[in-house]
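Visitor: mind folding the following:
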Amino acid sequence: MKSTGVIRRIDELGRIVIPKEIRRHLGIREGENLEIFVEGDQIVLKKYSKMLEYADFSAKLCELIPSSMDLGIMITDRDRIVSFSNNIKIDLDQSLIENRFMEYIQNRETYESTSYEKMNIGDYEIEGYFYFQPIISTMDCLGLIIFIKDQSLSKEEKQFAKFLATLIANKIDIS
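Guide: As a prediction, the model looks like this:
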(Lines give C-alpha, C1' and ligand atoms only; values in the text may rest on other atoms or scores of the structure.)
Protein backbone atom coordinates (compact mmCIF):
# COMPACT_ATOMS: atom_id res chain seq x y z
CA MET A 1 0.00 0.00 0.00
CA LYS A 2 1.39 3.43 -0.95
CA SER A 3 1.73 6.04 1.81
CA THR A 4 0.51 9.56 1.07
CA GLY A 5 2.41 11.14 3.94
CA VAL A 6 -0.85 12.69 5.20
CA ILE A 7 -1.70 12.19 8.88
CA ARG A 8 -5.16 13.03 10.23
CA ARG A 9 -6.54 13.03 13.78
CA ILE A 10 -9.78 11.19 14.59
CA ASP A 11 -12.29 13.49 16.31
CA GLU A 12 -14.37 12.66 19.41
CA LEU A 13 -17.09 11.06 17.23
CA GLY A 14 -14.61 8.78 15.44
CA ARG A 15 -14.62 10.79 12.20
CA ILE A 16 -11.64 11.40 9.97
CA VAL A 17 -11.39 13.72 6.96
CA ILE A 18 -10.14 12.21 3.72
CA PRO A 19 -7.98 14.88 2.07
CA LYS A 20 -9.46 16.57 -0.99
CA GLU A 21 -6.52 15.55 -3.20
CA ILE A 22 -7.11 11.87 -2.39
CA ARG A 23 -10.88 12.15 -2.92
CA ARG A 24 -10.31 13.86 -6.27
CA HIS A 25 -7.69 11.30 -7.35
CA LEU A 26 -10.02 8.38 -6.52
CA GLY A 27 -13.17 10.07 -7.85
CA ILE A 28 -14.89 10.05 -4.45
CA ARG A 29 -17.67 12.62 -4.55
CA GLU A 30 -19.65 14.23 -1.75
CA GLY A 31 -22.50 12.00 -0.62
CA GLU A 32 -21.00 8.77 -2.02
CA ASN A 33 -20.84 5.66 0.13
CA LEU A 34 -17.65 3.93 1.18
CA GLU A 35 -17.26 0.35 2.36
CA ILE A 36 -15.02 -0.20 5.38
CA PHE A 37 -12.89 -3.35 5.70
CA VAL A 38 -10.32 -4.54 8.19
CA GLU A 39 -7.31 -6.40 6.80
CA GLY A 40 -5.00 -7.42 9.62
CA ASP A 41 -4.15 -4.19 11.40
CA GLN A 42 -5.24 -1.95 8.50
CA ILE A 43 -8.53 -0.17 7.86
CA VAL A 44 -9.39 -0.16 4.15
CA LEU A 45 -11.93 2.19 2.57
CA LYS A 46 -13.43 1.22 -0.79
CA LYS A 47 -15.94 3.02 -2.99
CA TYR A 48 -19.25 1.20 -2.67
CA SER A 49 -21.36 0.36 -5.71
CA LYS A 50 -24.83 -1.09 -5.22
CA MET A 51 -24.84 -1.92 -8.95
CA LEU A 52 -21.94 -4.35 -8.52
CA GLU A 53 -24.10 -6.47 -6.20
CA TYR A 54 -26.41 -6.98 -9.19
CA ALA A 55 -23.74 -7.54 -11.84
CA ASP A 56 -25.04 -11.08 -12.53
CA PHE A 57 -28.57 -9.77 -13.10
CA SER A 58 -27.22 -7.01 -15.36
CA ALA A 59 -25.09 -9.53 -17.26
CA LYS A 60 -28.15 -11.71 -17.93
CA LEU A 61 -30.03 -8.69 -19.31
CA CYS A 62 -27.07 -7.79 -21.53
CA GLU A 63 -26.93 -11.36 -22.77
CA LEU A 64 -30.64 -11.58 -23.63
CA ILE A 65 -31.39 -8.21 -25.15
CA PRO A 66 -29.08 -8.13 -28.22
CA SER A 67 -30.43 -11.50 -29.33
CA SER A 68 -33.88 -9.96 -29.79
CA MET A 69 -32.85 -6.42 -30.81
CA ASP A 70 -30.14 -5.15 -33.15
CA LEU A 71 -28.16 -3.12 -30.61
CA GLY A 72 -25.37 -3.21 -28.06
CA ILE A 73 -26.00 -2.56 -24.41
CA MET A 74 -23.81 -1.51 -21.50
CA ILE A 75 -24.88 -1.06 -17.90
CA THR A 76 -22.74 1.19 -15.69
CA ASP A 77 -22.49 2.18 -12.08
CA ARG A 78 -21.21 5.67 -11.25
CA ASP A 79 -17.63 4.89 -12.30
CA ARG A 80 -17.35 1.94 -14.64
CA ILE A 81 -19.09 -0.54 -16.92
CA VAL A 82 -20.74 -3.27 -14.82
CA SER A 83 -21.86 -5.47 -17.72
CA PHE A 84 -22.16 -5.36 -21.50
CA SER A 85 -23.50 -7.38 -24.40
CA ASN A 86 -21.19 -9.79 -26.16
CA ASN A 87 -21.26 -7.71 -29.37
CA ILE A 88 -19.17 -5.07 -27.52
CA LYS A 89 -15.53 -5.93 -26.96
CA ILE A 90 -14.10 -4.33 -23.82
CA ASP A 91 -12.29 -5.45 -20.69
CA LEU A 92 -14.28 -4.77 -17.50
CA ASP A 93 -11.04 -4.13 -15.60
CA GLN A 94 -10.25 -1.27 -18.00
CA SER A 95 -13.77 0.14 -18.33
CA LEU A 96 -13.83 3.44 -16.45
CA ILE A 97 -16.46 5.73 -17.92
CA GLU A 98 -15.70 9.23 -19.19
CA ASN A 99 -16.35 12.25 -16.99
CA ARG A 100 -19.10 13.40 -19.33
CA PHE A 101 -21.06 10.23 -18.43
CA MET A 102 -20.95 11.39 -14.81
CA GLU A 103 -22.77 14.60 -15.78
CA TYR A 104 -25.74 12.56 -17.03
CA ILE A 105 -25.67 10.48 -13.85
CA GLN A 106 -25.47 13.49 -11.52
CA ASN A 107 -28.13 15.43 -13.43
CA ARG A 108 -30.28 12.31 -13.99
CA GLU A 109 -30.50 13.16 -17.68
CA THR A 110 -30.96 11.05 -20.76
CA TYR A 111 -28.64 11.60 -23.69
CA GLU A 112 -29.16 10.80 -27.33
CA SER A 113 -26.50 11.27 -29.99
CA THR A 114 -27.77 13.02 -33.09
CA SER A 115 -25.05 11.58 -35.31
CA TYR A 116 -22.70 8.63 -35.52
CA GLU A 117 -19.96 9.24 -32.96
CA LYS A 118 -17.02 7.70 -31.13
CA MET A 119 -16.78 7.32 -27.34
CA ASN A 120 -13.88 6.19 -25.22
CA ILE A 121 -14.47 3.61 -22.53
CA GLY A 122 -11.20 3.01 -20.74
CA ASP A 123 -8.74 2.09 -23.48
CA TYR A 124 -11.52 1.24 -25.95
CA GLU A 125 -13.21 3.33 -28.60
CA ILE A 126 -16.83 2.45 -29.38
CA GLU A 127 -18.68 3.86 -32.40
CA GLY A 128 -22.36 4.29 -33.17
CA TYR A 129 -25.47 6.16 -32.11
CA PHE A 130 -25.73 6.28 -28.32
CA TYR A 131 -28.64 6.54 -25.94
CA PHE A 132 -28.06 6.96 -22.18
CA GLN A 133 -30.87 6.30 -19.71
CA PRO A 134 -30.13 6.96 -16.01
CA ILE A 135 -30.92 4.21 -13.50
CA ILE A 136 -32.69 6.15 -10.75
CA SER A 137 -33.24 4.42 -7.43
CA THR A 138 -35.32 5.90 -4.61
CA MET A 139 -32.10 7.14 -3.07
CA ASP A 140 -29.84 8.12 -5.94
CA CYS A 141 -28.89 7.73 -9.59
CA LEU A 142 -26.95 4.47 -9.61
CA GLY A 143 -25.63 4.44 -13.17
CA LEU A 144 -26.71 4.29 -16.80
CA ILE A 145 -28.24 1.99 -19.37
CA ILE A 146 -26.38 2.69 -22.61
CA PHE A 147 -27.74 1.49 -25.94
CA ILE A 148 -25.43 1.56 -28.98
CA LYS A 149 -26.71 1.11 -32.51
CA ASP A 150 -25.59 1.67 -36.11
CA GLN A 151 -28.53 4.04 -36.66
CA SER A 152 -30.74 6.30 -34.55
CA LEU A 153 -32.80 4.52 -31.93
CA SER A 154 -36.53 4.19 -32.40
CA LYS A 155 -39.06 5.55 -29.93
CA GLU A 156 -39.78 1.98 -28.80
CA GLU A 157 -36.09 1.28 -28.13
CA LYS A 158 -35.82 4.45 -26.02
CA GLN A 159 -38.91 3.40 -24.06
CA PHE A 160 -37.33 -0.02 -23.59
CA ALA A 161 -34.17 1.62 -22.17
CA LYS A 162 -36.35 3.50 -19.69
CA PHE A 163 -38.15 0.26 -18.79
CA LEU A 164 -34.81 -1.53 -18.19
CA ALA A 165 -33.55 1.30 -15.99
CA THR A 166 -36.77 1.17 -13.95
CA LEU A 167 -36.57 -2.63 -13.72
CA ILE A 168 -33.01 -2.53 -12.38
CA ALA A 169 -33.76 0.31 -9.95
CA ASN A 170 -36.85 -1.50 -8.62
CA LYS A 171 -34.92 -4.76 -8.18
CA ILE A 172 -32.27 -2.92 -6.20
CA ASP A 173 -34.83 -0.96 -4.13
CA ILE A 174 -36.80 -4.10 -3.24
CA SER A 175 -33.72 -6.15 -2.25
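Visitor: roughly how far does Ile168 sit from Lys149?
Guide: Here the distance between Ile168 and Lys149 works out to 20 Å (Cβ to Cβ, to the nearest Å). For the C-beta atoms, the positions are set from N, CA and C on the backbone; glycine is no exception.
Visitor: quick one: which of the two has more around it?
Guide: When neighbours are counted by other Cβ atoms under 10 Å, Ile168 comes out ahead of the other of Ile168 and Lys149, with 23 against 19.
Visitor: before we move on, which element is that one in?
Guide: When elements are assigned from DSSP states H and E, Ile168 belongs to helix 155-174.
Visitor: buried set for that helix?
Guide: When neighbours are counted by 16 or more other Cβ atoms under 10 Å, the buried residues of helix 155-174 are found to be Lys158, Phe160, Ala161, Leu164, Ala165, Ile168, Ala169, Ile172.
Visitor: okay, the fifth one: pLDDT?
Guide: What the model reports for Ala165 is a pLDDT of 93.
Visitor: likewise for the last one?
Guide: What the model reports for Ile172 is a pLDDT of 81.
Visitor: so what's it up against?
Guide: For Ile172, the residues meeting the contact criterion (Cβ atoms under 8 Å, 6 or more residues apart in numbering) are Lys50, Met51, Glu53, Tyr54, Ser137, Leu142.
Visitor: try the first one
Guide: Residues touching Lys158, when contacts are defined by Cβ under 8 Å, 6+ apart, comprise Thr110, Glu112, Tyr131, Gln133.
Visitor: contacting residues for the first one?
Guide: By that I understand Thr110. Each residue near Thr110 by Cβ under 8 Å, 6+ apart is listed here: Tyr104, Tyr131, Phe132, Gln133, Pro134, Lys158.
Visitor: which of those residues scores worst on pLDDT?
Guide: Lowest pLDDT within the contacts of Thr110 is found at Tyr104 (86).
Visitor: for Ala161, see how far away that residue is.
Guide: Distance from Tyr104 to Ala161, counting by Cβ to Cβ: 13 Å.
Visitor: could you do Glu117 as well?
Guide: Relative to Ala161, Glu117 is positioned 17 Å away (criterion: Cβ to Cβ).
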